[in-house]
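Visitor: Need a 3D model of the following:
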Amino acid sequence: MLLGSKTTFAIEFEVDDPPALDAHTLEQHTHYVFGKMCFWVEDSMVGNYELGGVLGVATANFTPLLRNKGSRRDPDLWSKPAEIVYKTIDDALYVDSGQTDEQVSLDAKKYGKFIATPNGFDVFDDWKAYLIQGDTSARYIWKQRYDEGIVHEALLGVDEFDLRLQEFVDWFNINYGKRQ
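Guide: The predicted structure is shown next:
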């Protein structure tokens with residue numbers, strides 16, 4: 001299934017057939033909905049679709065991303081080139097440069113809201129992406145771990161990322177029930 005457009009931003013996913021279990025055992029394991037997933041950004045795949053995983057984990061990891069809807073504005077970052085934006089956020093969140101615990105906490109609060117791939121879902125382990133919102137558009141900036149220094153950027157509709165994530169969460173909850 002495809003939510004959105006591959007030429008701008010989309011979430012592609014499919015659900016695997018459930019294992020052959022008796023009804024009681026299957027009901028106990030409904031939260032283990034396995035399938036495949038990736039993002040599409042300007043016809044580029046973000047994520048390892050073929051790896052697959054537990055789609056309920058994706059749903060759970062979309063929730064913190066959705067909490068940041070409307071709070072991803074930063075005029076200073078907005079005005080900088082994609083490579084600098086990526087490095088600024090990535091260094092603040094993931095590089096130990098001897099900063100104090102207080103600084104780590106401040107950086108997490110300031111920059112964590114820009115994260116735009118679900119942490120903890122294996123499909124996206126080799127990618128990092130950040131989203132900076134402006135007044136009429138948003139900058140989706142990403143890099144695959146093994147792309148030697150290549151930082152990609154695409155302009156999205158200002159709420160397009162959040163709309164697609166919410167569509168997936170809603171679809172999952174309707175079809176498989178809300179997971180705790």
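Visitor: Extract the residue ranges of the chain that are flagged as low pLDDT.
Guide: 18-31, 178-180 (pLDDT under 70).
Visitor: where do the helices sit along it?
Guide: Using DSSP state H, the helices of the chain run over 23-28, 55-66, 75-78, 82-94, 101-111, 160-176.
Visitor: Could you identify which of the ones you listed is most buried?
Guide: With neighbours defined by mean count of other C-beta atoms under 10 Å, none of the helices of the chain is more surrounded on average than helix 55-66, at a mean of 19. Glycine gets a C-beta too; all of them are placed from N, C-alpha and C.
Visitor: I'd like to know which elements it is packed against.
Guide: strand 9-15, strand 34-41, helix 160-176 (3 or more C-beta pairs under 8 Å, 6 or more residues apart in numbering; DSSP states H and E).
Visitor: So which residues make contact with it?
Guide: Applying C-beta atoms under 8 Å, 6 or more residues apart in numbering, the external contacts of helix 55-66 come out as 13, 15, 31-35, 37, 115-116, 118-121, 123, 162, 165-166, 168-169, 172-173, 176, 179.
Visitor: That helix: how far from the chain's middle?
Guide: On the basis of C-alpha atoms, centre = their mean, to the nearest Å, helix 55-66 sits 8 Å off its chain's mean C-alpha point.
Visitor: Let me know the angle separating it from strand 34-41.
Guide: On the basis of axes from the mean of the first three to the mean of the last three C-alpha atoms, to 10 degrees, helix 55-66 is oriented at 40 degrees to strand 34-41.
Visitor: Tell me who's in contact with the residue nearest in space to the middle of the chain.
Guide: In the chain, the centroid-proximal residue (C-alpha atoms, centre = their mean) is Thr117; its distance is 2.2 Å. Taking C-beta under 8 Å, 6+ apart as the criterion, Thr117 is in contact with 39, 46-47, 124, 127-129, 142.
Visitor: of these, closest to Lys87?
Guide: Lys128 (11.0 Å; C-beta to C-beta).
Visitor: Show me the beta-bridge partners of the closest one.
Guide: For Lys128, the beta-bridge partners are Lys143 (DSSP bridges).
Visitor: How much space separates it from Pro64?
Guide: 15 Å (C-beta to C-beta, to the nearest Å).
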